[in-house]
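Novice: Mind looking at a prediction? Sequence and model below.
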Amino acid sequence: MQRVSRATVTVEGVSGEREITGEIGAGILVFVGVTHDDTKAHAAKLADKIWNLRIFDDADGVMNRSAADEGHEVLVVSQFTLYGDTRKGRRPGYSEAARPEQAEPLVETVVEALRAAGAVVATGRFRADMAVELVNDGPITLWIEV
């Protein structure tokens, strides 16, 4: 999860040119990885954490405000490679990443829960070869486990 000034995700379109599937201004870019024991409850809890985590500055310059407080947007991008295991050899193994049939509904649960909480949410495209561009807003990059 990264606090961003802006972020965009594109995929290759039908014509072979890149098309934007998601774009936000100030807010949070979230890469969501799903593993085998994740559930809808985990996904809902993750959405709540993302939306309410206090990572934006208040009037005193202290990270005391959330995306919910500020009305910031969220860009959610599925990312199975977050579960890449590099402990052995030089080629990552992805056996800890959930299969697409399990992962896709859980990523969608995160998106739906964020929207239900009031977030404006943009997304990538599940299983697509995505290109993500971002302008990081300060040194705010977090790994969140729920």
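Specialist: Great, that's in hand. Numbering: from 1, shown residues only.
Novice: Starting from the strand or helix carrying residue 6, tell me the next helix or strand along the chain.
Specialist: Assigned by DSSP states H and E, residue 6 falls within strand 2-12. Once strand 2-12 ends, the next helix or strand along the chain (criterion: DSSP H and E) is strand 18-24.
Novice: for that next one, packing partners?
Specialist: Secondary structure elements in contact with strand 18-24, counted by 3 or more CB pairs under 8 Å, 6 or more residues apart in numbering; DSSP states H and E, are strand 2-12, strand 73-78, strand 121-123. Just so you know, the C-beta spots here come from the backbone N, C-alpha and C atoms, and that holds for glycine as well.
Novice: deepest of those strands, which one?
Specialist: Mean neighbour count (mean count of other CB atoms under 10 Å) peaks for strand 73-78 among those, with a mean of 25.
Novice: The one helix or strand residue 49 maps to - contacts with which helices or strands?
Specialist: Assessed by DSSP H and E, residue 49 sits inside helix 40-52. Judged by 3+ CB pairs under 8 Å, 6+ apart, the packing partners of helix 40-52 are strand 27-32, helix 67-70, helix 100-116.
Novice: In it, which residues are buried?
Specialist: 42-44, 46-48, 50-51 (16 or more other CB atoms under 10 Å).
Novice: Tell me the one of the residues you listed nearest residue 7?
Specialist: Relative to residue 7, the closest of these is residue 50; by CB to CB it sits at 14.0 Å.
Novice: Let's have the buried residues of helix 40-52 in a markdown table, adding distance to residue 1.
Specialist: Below are these laid out as a markdown table (distance: CB to CB, whole Å):
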| residue | distance to residue 1 |
| --- | --- |
| 42 | 15 |
| 43 | 14 |
| 44 | 16 |
| 46 | 10 |
| 47 | 12 |
| 48 | 13 |
| 50 | 6 |
| 51 | 11 |
